[in-house]
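Colleague: missing the sequence, but the structure's below:
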Ligand SMILES: NC(=O)c1ccc[n+]([C@@H]2O[C@H](COP(=O)([O-])OP(=O)(O)OC[C@H]3O[C@@H](n4cnc5c(N)ncnc54)[C@H](O)[C@@H]3O)[C@@H](O)[C@H]2O)c1
């Protein structure tokens, strides 16, 4: 346990020294408009321009945020020597082609999640960046969501003791009209939503040995994918994790909560974004630690939101990695472990059994497609 006051830990992202490294954005869709660009603007990052296969969208978003350049295509963006970092926010199946061309132009890369639609393609994406000697980070920004970052500081600081149980439980009503292409996908809830919880729980607690996932639909849902999942993670230490998500909660008793119990403390709270997507509200957090005030409960004040504030985290981490010659926190290599859990979940659903992470390997075609 460290000497800090657990009521006032610094959960804000660490910024790079050079905020002026040029950013070029590929894809002018919803998430860029309501999350990437507001976060970068608030932090004073330098976005030079944007491109989209739908030129009108790129023009409209550039005007809304005062971006100097709208590039007619990817080649034009990559030819701009002012751009050091390419921020990709296209569909997962289209990401590798952009990565290949941007890496060949020696640009560093921030990729959207999921990194790819199959595990072998994700491995290939990481290898392309490594071969070109450019940094690749994945936009798993929930790690910088205030509640999760604060939990990490509590766990790492020893305030909760040895973790024994953790859960994320989200029962919400999701408006899939924001993402018709996701609703049409065979792999839905884990691939596009719980992937955030998976990455955050790995960040907090490390990798499980094996997982069991059960997926289903709410009555009346027509997607070929799954919109409700229950996952259990097993660790050799005895730690157990539960992820419980339902996107079809028709009644008004909706909730989005997290909880970590340890040998010396408990922390619990709410995920503000899931109460009113995409605006949301700040997370809440309540903590009791035997190492502080005899276990009296306290509530750190969390003032930032997942959208847009947490979106600064992956970009700041990538820029610091470039500056310092290090790997970003959510490097491609790290993200392969998150994706092993994602694809283990799909194998578990298909085969009705617990699946070890080491079963998901790049030379297994079924790892990426069911
Ligand atoms: N919290 C999060 O991290 C979060 C939330 C939502 C979406 N996303 C991810 O962001 C990505 C985009 O999602 P969205 O909701 O913005 O989708 P969207 O449909 O609103 O936008 C995608 C945009 O990409 C453009 N595009 C597609 N292929 C392109 C290409 N090859 N080159 C240039 N432009 C291209 C499309 O024209 C469209 O404007 C997806 O990978 C999604 O999984 C992440």
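Modeller: Received it, and whenever you're ready, just let me know what you need. Computed from a predicted structure; not experimentally measured.
Colleague: closest point of the stretch 201-350 of the chain to the ligand, which residue?
Modeller: Nearest residue of the stretch 201-350 of the chain to the ligand: residue 307, at 7.1 Å (Cβ to the nearest ligand atom). Glycine gets a C-beta too; all of them are placed from N, C-alpha and C.
Colleague: Any figure for the gap between that residue and residue 228?
Modeller: In this view, residue 307 and residue 228 are 23 Å apart by Cβ to Cβ, to the nearest Å.
Colleague: Please identify which helix or strand holds residue 199.
Modeller: For residue 199, the enclosing helix or strand under DSSP states H and E is helix 195-205.
Colleague: Check which helices and strands the helix or strand just after that helix sits against.
Modeller: Once helix 195-205 ends, the next helix or strand along the chain (criterion: DSSP H and E) is strand 210-216. For strand 210-216, the packing partners by 3 or more Cβ pairs under 8 Å, 6 or more residues apart in numbering; DSSP states H and E come out as strand 228-234, helix 332-351, strand 355-356.
Colleague: Now with 10 Å, please.
Modeller: When contacts are defined as 3 or more Cβ pairs under 10 Å, 6 or more residues apart in numbering; DSSP states H and E, strand 210-216 packs onto strand 228-234, strand 240-246, helix 332-351, strand 355-356.
Colleague: now the angle between strand 228-234 and that strand, please.
Modeller: Angle between the axes of strand 210-216 and strand 228-234 is 170 degrees (criterion: axes from the mean of the first three to the mean of the last three Cα atoms, to 10 degrees).
Colleague: and strand 210-216, average pLDDT?
Modeller: The pLDDT scores in strand 210-216 average 98.
Colleague: That one to helix 332-351, inter-axis angle?
Modeller: Put simply, strand 210-216 runs at 60 degrees to helix 332-351, going by the same axes, to 10 degrees.
Colleague: And strand 210-216, how far out from the chain middle?
Modeller: Its chain's average C-alpha position is 20 Å from that of strand 210-216, according to Cα atoms, centre = their mean, to the nearest Å.
Colleague: Can you name the residue of the stretch 1-150 of the chain nearest the ligand?
Modeller: Distances between the stretch 1-150 of the chain and the ligand by Cβ to the nearest ligand atom are smallest at residue 29, namely 1.7 Å.
Colleague: What's the local residue count around that residue?
Modeller: When neighbours are counted by other Cβ atoms under 10 Å, residue 29 registers 17.
Colleague: For it, give me the pLDDT.
Modeller: The confidence metric pLDDT takes the value 97 at residue 29.
Colleague: and the residue lying closest to it once chain neighbours are set aside, what are its phi and psi?
Modeller: Here the nearest residue to residue 29 in space, its sequence neighbours aside, is residue 89; by Cβ to Cβ, 6 or more residues apart in numbering that works out to 6.1 Å. Backbone torsions of residue 89, given as degrees, to the nearest 10, read phi -140, psi 60.
Colleague: how close does residue 89 get to residue 189?
Modeller: Per Cβ to Cβ, residue 89 is found 21 Å from residue 189.
Colleague: Pull the contacting residues for the closest residue to residue 290 other than its chain neighbours.
Modeller: Nearest residue to residue 290, sequence neighbours excluded (Cβ to Cβ, 6+ apart): residue 264, at 4.5 Å. Residue 264 sits next to 1, 158, 159, 160, 161, 162, 288, 289, 290, 291, 292, 295 when contact means Cβ atoms under 10 Å, 6 or more residues apart in numbering.
Colleague: Report the buried members of those residues.
Modeller: 158, 159, 160, 161, 288, 289, 290, 292 (16 or more other Cβ atoms under 10 Å).
Colleague: Would you point out the most distant pair within these?
Modeller: For the buried ones among the contacts of residue 264, the farthest-apart pair by Cβ to Cβ is 158 and 288; their separation is 14.4 Å.
Colleague: returning to that earlier point: between residue 89 and residue 189, which is the more surrounded one?
Modeller: Per other Cβ under 10 Å, whichever of residue 89 and residue 189 has more neighbours is residue 189, with 26 against 23.
Colleague: what's the spacing between that one and residue 266?
Modeller: Applying Cβ to Cβ, the value for residue 189 to residue 266 is 28 Å.
Colleague: isn't there a helix covering residue 95?
Modeller: Yes: counting by DSSP: H, G, I helix; E, B strand; the rest coil, residue 95 is located in a helix.
Colleague: thinking again about what came up before, sec struct for the residue of the stretch 201-350 of the chain closest to the ligand, please.
Modeller: Secondary structure, three-state DSSP: residue 307 is coil.
Colleague: what sits against it?
Modeller: Listed by Cβ under 10 Å, 6+ apart, the contact set of residue 307 reads 31, 34-36, 38-39, 141, 145, 272-273, 277-280.
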